[in-house]
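Student: Can you look at this prediction? I've put the sequence above it.
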Amino acid sequence: MLILGIETSCDDTAAAVVRDGRDVLSSVATNQDEFHAKYGGIVPEIASRRHVALLSAVVEDAADRARTALEDLDAIAVTCGPGLIGSLVVGVAAAKAYAYALGKPIYAVNHLHGHVFAPFLDRPEPPPYPFLVLLVSGGHSQLVAVDSPTRLRVLGRTHDDAAGEAFDKTARLLGLPYPGGPALDALARGGDPRAYAFPRHRPGGDSLDLSFSGLKTSVRYFLEFDAGRDAKREDVAASFQAAVVDVLMTRLATAFERASYNAVALSGGVAANSALQEAFGSWARRNGIAAFVPPPKYCTDNAAMIAAAAYHQRDALRADPLTLHADPNLPFEI
Ligand code: KG4
Ligand code: ZN
């Protein structure tokens, strides 16, 4: 089954052709960073205008690279939420037009479910159900229990900054360019992760929730008022990163112990972080757990993961090409 995926929930204009929810025939994403960098973050109005300008060329490019005519596709999959409303509507309107004009079924995909199915891409074996996913992106950080393709439960999440947001804001404090996550990761390689003991959030009771705003604020005060003014930026970056990784891994390990899972997976932009990948990999190896980490191009936003989610969840996602609409606050559970 050949599915064209379309993803425009934030600032990446992306399209992909994926066979049977696994084999990526093409995955094209144009990054808008240069348009947002001077504002230090994403400007929603600029993002939606860039999607309008780029999307049809990106879809054609994805079809060409997959050597597939649009007529030969079996279905269209599109992110319908959550995300920036002005960005979502561009992808949804385009997908409806393709589905209607080509007479193909359309599947409405939750962006976060896309991240959950990213570990299925280009792998000989999919993660066995039930598995646990640590989903860490610019907009979300959550632990998800995946019991079946359509039964996904959030076990814990952030109520303030997402992990990626904390990386971006802290990178800015360190004078690094937007998007800060990858730049901070690179800077931290030359630093000592034990140089400074930044605070690690611990939730009360049985909660598996996460929080990074206290950590970010503590780095800010440290840089402004304390010995931090003379601190090596590399050491601050490495110590901040160690605190984020520590919080994420502690929560993941606790969640894993509380139920029985056949595998664990990492996903979302922050899953590309080298320190997190190392900590995740060695924890899984030490405990003999089957671990899945998508390559960086499928960790960050892409359309292949949207096509994969549509394939695995398809009956539950079938939509009407005339009435489907974007929902910026789409609930997580199907
Ligand atoms: O999943 P994603 O592409 O978009 C959202 O759905 O939010 O995630 C983007 C986030 C950004 O905050 C970016 O700084 C972060 O992922 N990120 C990283 C790294 N690469 C991307 N954070 C830390 N280390 C990285 N290597
Ligand atoms: Zn995302």
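Tutor: Cool, got the structure. Keep in mind it's a predicted model, so treat the numbers as computed, not measured. Numbers count the residues shown, from 1 in each chain. Ligands and ions are numbered 1, 2, ... in the order given.
Student: could you pull out the helices for the stretch 151-300 of the chain?
Tutor: If DSSP state H, counting those that start in this stretch is used as the criterion, the helices of the stretch 151-300 of the chain fall at 163-173, 180-188, 213-225, 233-258, 274-286, 296-299.
Student: out of the ones you listed, deepest packed?
Tutor: Scoring these by mean neighbour count under mean count of other CB atoms under 10 Å gives helix 163-173 as the most buried, with a mean of 24. Placement of C-beta: from N, CA and C, glycine included.
Student: Can you name every helix or strand that the helix or strand bottoming out on mean pLDDT in the chain contacts?
Tutor: Every helix and strand in the chain was compared by mean pLDDT, DSSP states H and E; the lowest is helix 33-36, with a mean of 75. In this structure, helix 33-36 packs against helix 44-65, with contacts taken as 3 or more CB pairs under 8 Å, 6 or more residues apart in numbering; DSSP states H and E.
Student: now for the helix or strand that comes right after the helix it packs on, which elements pack on it?
Tutor: Per DSSP states H and E, helix 44-65 leads on to strand 75-81 as the next helix or strand towards the C-terminus. Contacting strand 75-81 under the criterion 3+ CB pairs under 8 Å, 6+ apart are the following elements: strand 2-7, helix 85-102, strand 106-110, helix 111-117, helix 304-317.
Student: ok, 6 Å please
Tutor: In this structure, strand 75-81 makes packing contacts with strand 2-7, helix 85-102, strand 106-110, helix 304-317, judged by 3 or more CB pairs under 6 Å, 6 or more residues apart in numbering; DSSP states H and E.
Student: Can you add mean neighbour count and give the ones you listed back as CSV?
Tutor: Compiled in CSV, these are given as follows (neighbours: other CB atoms under 10 Å):
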stretch, mean neighbour count
strand 2-7, 28
helix 85-102, 21
strand 106-110, 26
helix 304-317, 26
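Student: isn't Gly114 right next to Ala309, touching?
Tutor: Yes: the pair formed by Gly114 and Ala309 meets the contact definition of CB atoms under 6 Å, at 4.8 Å.
Student: Can you get me a residue count around the residue in the stretch 1-150 of the chain that ligand 2 sits nearest to?
Tutor: Nearest residue of the stretch 1-150 of the chain to ligand 2: Ser137, at 4.3 Å (CB to the ion). Residues contacting Ser137 under the criterion other CB atoms under 10 Å number 24.
Student: Just the pLDDT for it.
Tutor: As predicted, Ser137 sits at a pLDDT of 91.
Student: Over to the one 4 residues further on?
Tutor: Ser141 carries a pLDDT score of 95 in this model.
Student: Those residues of the stretch 151-300 of the chain touching ligand 1, which are they?
Tutor: Applying CB under 6 Å from any ligand atom, we find that the stretch 151-300 of the chain lies next to ligand 1 at 164, 167-168, 179-182, 185, 268-270, 272-273, 300.
Student: The same query, at a cut-off of 8 Å, please.
Tutor: Near ligand 1, the residues belonging to the stretch 151-300 of the chain are 162-165, 167-168, 171, 179-182, 184-186, 241, 268-270, 272-274, 276, 296, 299-300 when assessed by CB under 8 Å from any ligand atom.
Student: So which residue is dead centre in this protein?
Tutor: For the chain, the residue nearest the mean C-alpha position is Gly268 (2.6 Å; CA atoms, centre = their mean).
Student: My read is that it contacts Leu135, right?
Tutor: Yes: checked against CB under 6 Å, the pair Gly268 and Leu135 is within contact range at 4.9 Å.
Student: where in the protein is pLDDT low?
Tutor: Regions of the chain meeting the criterion pLDDT under 70 cover residues 226.
Student: Up against ligand 2, what does it have?
Tutor: By the criterion of CB under 5 Å from the ion, the positions of the chain lying close to ligand 2 are 137, 301.
Student: give the contact list for Ala307.
Tutor: Shown here is Ala307, whose contacts under the criterion CB atoms under 6 Å, 6 or more residues apart in numbering are 3, 5, 16, 18, 77.
Student: Backbone dihedrals for Asp301, please?
Tutor: When quoted as degrees, to the nearest 10, the phi and psi of Asp301 stand at phi -60, psi 130.
Student: Quick check on the residue nearest to it when sequence neighbours are not counted: phi, psi?
Tutor: Counting by CB to CB, 6 or more residues apart in numbering, the nearest residue to Asp301 once its immediate chain neighbours are dropped is Asp12, at 4.4 Å. Asp12 has phi and psi values of phi -100, psi 130 when expressed as degrees, to the nearest 10.
Student: isn't Asp12 right up against Asn302?
Tutor: No: taking contact to mean CB under 6 Å, the distance of 7.3 Å between Asp12 and Asn302 leaves them out of contact.
Student: any shared contact partners between those two?
Tutor: When contacts are counted by CB under 6 Å, 6+ apart, Asp12 and Asn302 are jointly contacted by Ala29.
Student: More neighbours: the two, which one.
Tutor: Ranked by neighbour count (other CB under 10 Å), Asp12 and Asn302 place Asn302 first, with 26 against 22.
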